[in-house]
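In: pasting the structure only:
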């Protein structure tokens, strides 16, 4: 399983953008980049995923480097409810569909009011 | 659509006992995965079931087992409990075939004394 590297923790202020980095230098050409987050006392929650192009959804944006060796999850306007542990995960596609996730330690994001 | 449900939410057992945890996936989802989360090891994949068949298994001892029923509900069993089995056990569901991401339940907090 390809490995990702994330900062252990980050801090930001409410209503400001947050950029969460992830390095994945050993990514293979077919690995998707997934982001999940885990709010306190909850199970992980899917945030966004992408392959090569930048992606946007209602929760966040995902910016993928041209060489795909790094990516950045962008929360455009952080709220207190965004305080969570964010996981960057590489997931190879399979015809059988997604089967497992290999979680690293993630980044603990603190949002200051 | 109802989310992933797990029962019980909290459980206290004694060393040497066995325990069964239950997971009901989102309606229409045929894949159920189980994860163990501890402060020391983080989130670790246990196994994944699709249409009553185990498709993928993590690196856990044989004391950890699971099964899936024809209605896609899944149970995991841990026999001969050890103190180190104290953890949050998370269940995740997905469509299975062609699925890209997972929906997680709130987890069962198991404490072994």
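Out: Great, that's in hand. Quick caveat, the model's predicted, so the values are computed rather than measured.

In: got any ranges where chain B has weak pLDDT?
Out: Where chain B drops to pLDDT under 70, the residues are B:1.

In: Also chain A?
Out: For chain A, the stretches with pLDDT under 70 are A:1-2, A:95-98.

In: what about the helix or strand where residue B:76 lies and chain A, any contact?
Out: Using DSSP states H and E, residue B:76 maps to strand B:74-78. No. Strand B:74-78 is not in contact with chain A by CB under 8 Å from any CB of the partner chain; minimum separation 14.1 Å. Quick note: C-beta positions are derived from backbone N, CA and C, even for glycine.

In: So what touches whichever helix or strand comes after that strand?
Out: Next in sequence after strand B:74-78, counting helices and strands by DSSP H and E, comes strand B:87-94. The contact list for strand B:87-94 (CB atoms under 8 Å, 6 or more residues apart in numbering or on different chains) reads A:43-44, A:97-98, A:101, B:4, B:6, B:21, B:23, B:25-26, B:29, B:31-38, B:43, B:46, B:72, B:74, B:76, B:100-105, B:107-110.

In: those helices in chain B, which residues are they?
Out: With DSSP state H as the criterion, chain B has no helices.

In: which residue does it bring closest to chain A?
Out: Of all residues in chain B, the one sitting closest to chain A is residue B:104 (3.2 Å; CB to the nearest CB).

In: Need the nearest residue in space to that residue, chain neighbours excluded.
Out: Closest residue to residue B:104 apart from its sequence neighbours, by CB to CB, 6 or more residues apart in numbering or on different chains: residue A:43 at 3.2 Å.

In: mind listing what the one you found touches?
Out: So residue A:43 contacts B:4, B:90-92, B:104-107 (CB under 8 Å, 6+ apart).

In: what about 7 Å?
Out: B:90, B:104-107 (CB atoms under 7 Å, 6 or more residues apart in numbering or on different chains).

In: looking at the sheet around the residue of chain B closest to chain A, what are its partners?
Out: Residue B:104 has these beta-bridge partners by DSSP bridges: residue B:92.

In: Can you give me the distance of the closest residue to chain B within chain A to residue B:108?
Out: Nearest to chain B in chain A, going by CB to the nearest CB, is residue A:43, at a distance of 3.2 Å. For residue A:43, the distance to residue B:108 equals 10 Å [CB to CB, to the nearest Å].
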